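J.: with the input below, show me the fold.
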Amino acid sequence: LTHTYGKMTGDTKQGWVLFAAMSVLFLGGVAASYAAESQPNPALASAQVVQDGNLEGKEARFGVAASALFATVTTDASCGAVNAMHDSFTALGGLVPLVNMQLGEVIFGGVGAGLYGILVMAVLAVFIAGLMVGRTPEFLGKKIEAREMKLAMLYVLVFPLAILGLSAVGVVLPQGTSSLNNAGPHGLSEILYAFTSGVANNGSAFAGLNANTPFWNVSLGMSMLAGRFLMMVPVLALAGSLVGKKVVAPGPGTFPTEGVLFTGLLVSVVLIVGALTFFPALSLGPIVEHFLGAAGKVY
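T.: Numbers count the residues shown, from 1 in each chain. Okay, here's the model as predicted:
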């Protein structure tokens, strides 16, 4: 479909740039997940676990490699199916599928969302590049101006507002914390994962959380509505704003949106805008859990 997008824009290189950026993020996630799960789970100490990595919550016929790959794929493609229990992954192993969704369904798109997530990031990348090097912010021959950037940032802000806002409610209310299976930072990760999965239209879960309660049924339903419909509004408005603009012929001041340079810039913008938005919350969840686990304290 990225190739189809390139054909529709009249320049297949535009599609290959998107595919390359997605592939870089995907391969990075697989490598990080496999590296984390290849390490023994500090909660277990058997020789088998030390030899084969963290096998808790995994089927022996799949093992670590296929489980890490599947966890990455299912959270990159908005699938939601699992072949291992993500709640049993190591702290950093569970961080990968969580971050995949928090990037905003930009890695190979999402069900019902398609390519619009990565295209919004491309618009942001063009604008940021223009600010850095003094080039004219244009995308596909259309000038990116104040209205487009306001709509793009509104799209970017809806996602963390829904996830972090609802997670904050789940953390402070007893109706939320009473469903946790784990205390401490892993319990926070369970809450973050639940709302992230809901907003990102994924469906996978840190299954240690009992989400079948009135509070969680209602709050997760709200997260699904916000994650789908509230994000569609600014995207459609952005598309409407761009379609009304005249195509401008590229000039010496136009920043090229094809090639390795823009691919690297797009990947960087996705990571900075997407991942760092959630870094404070992640640092209190899976990241601090990793360091505590290394010190021998588990949850």
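
J.: ok, now which ones touch residue 129?
T.: Contact analysis of residue 129 by C-beta atoms under 8 Å, 6 or more residues apart in numbering lists 135, 137, 255, 262, 265. C-beta: built from backbone N, CA, C; applies to glycine.

J.: got it, and residue 122?
T.: With contacts defined as C-beta under 8 Å, 6+ apart, residue 122 is in contact with 18, 139, 257, 266.

J.: go again with 7 Å.
T.: 139, 257, 266 (C-beta atoms under 7 Å, 6 or more residues apart in numbering).

J.: what does residue 77 give?
T.: residue 108.

J.: phi, psi of it?
T.: When quoted as degrees, to the nearest 10, the phi and psi of residue 77 stand at phi -110, psi 10.

J.: tell me the one among the contacts of residue 122 nearest to residue 37.
T.: Nearest to residue 37 among the contacts of residue 122, counting by C-beta to C-beta, is residue 266 at 28.1 Å.

J.: right, and the helix or strand after the least confident helix or strand in the chain by mean pLDDT?
T.: Ranked by mean pLDDT, DSSP states H and E, the helix or strand of the chain with the weakest confidence is helix 47-52, at a mean of 53. Per DSSP states H and E, the first helix or strand lying C-terminal to helix 47-52 is helix 63-76.

J.: in terms of secondary structure, what does the helix or strand following that next one contact?
T.: Counting by DSSP H and E, the next helix or strand C-terminal to helix 63-76 is helix 91-102. Counting contacts by 3 or more C-beta pairs under 7 Å, 6 or more residues apart in numbering; DSSP states H and E, helix 91-102 packs against helix 12-37, helix 63-76, helix 184-199, helix 288-294.

J.: what does the average pLDDT come to for the helix or strand just after helix 91-102?
T.: Once the chain leaves helix 91-102, the next helix or strand it forms, by DSSP H and E, is helix 116-133. Helix 116-133 carries an average pLDDT of 90.

J.: mean confidence score for stretch 85-100?
T.: 94.

J.: quick one, what contacts the nearest residue to residue 265 once chain neighbours are set aside?
T.: Nearest in space to residue 265, with sequence neighbours left out and distances taken as C-beta to C-beta, 6 or more residues apart in numbering, is residue 125 at 5.0 Å. Counting by C-beta under 7 Å, 6+ apart, residue 125 makes contact with 265, 266, 269.

J.: let's see 10 Å
T.: Shown in contact with residue 125 (C-beta atoms under 10 Å, 6 or more residues apart in numbering): 21, 118, 137, 139, 255, 257, 262-270, 273.

J.: so which of those sits lowest on pLDDT?
T.: Lowest pLDDT among the contacts of residue 125: residue 255, 83.

J.: the nearest residue in space to that residue that is not next to it in sequence: what's it in contact with?
T.: Closest residue to residue 255 apart from its sequence neighbours, by C-beta to C-beta, 6+ apart: residue 135 at 3.9 Å. By C-beta under 10 Å, 6+ apart, the contact set of residue 135 is 126, 129, 251, 252, 253, 254, 255, 256.

J.: hmm, try it at 8 Å
T.: Residue 135 is in contact with 129, 253, 254, 255, counting by C-beta under 8 Å, 6+ apart.

J.: again, but for residue 287
T.: Neighbour list for residue 287: 91, 95 [criterion: C-beta under 8 Å, 6+ apart].

J.: could you list which of the contacts of residue 122 belong to strands?
T.: Residues of those located in strands (DSSP state E): residue 139.

J.: and residue 40, what's its pLDDT?
T.: Per the predicted model, pLDDT is 68 at residue 40.

J.: just residue 294 next, same as before
T.: So, for residue 294, pLDDT stands at 86.

J.: check residue 213 too.
T.: For residue 213, pLDDT reads 94.

J.: count of residues packed around it?
T.: Residue 213 is flanked by 14 other residues according to other C-beta atoms under 10 Å.

J.: how close does it get to residue 288?
T.: 27 Å (C-beta to C-beta, to the nearest Å).

J.: please apply the same query to residue 87.
T.: Going from residue 87 to residue 288 by C-beta to C-beta gives 17 Å.

J.: neighbour count: the two, which is higher?
T.: Between residue 87 and residue 288, counting by other C-beta under 10 Å, residue 87 is the more crowded of the two (20 against 17).
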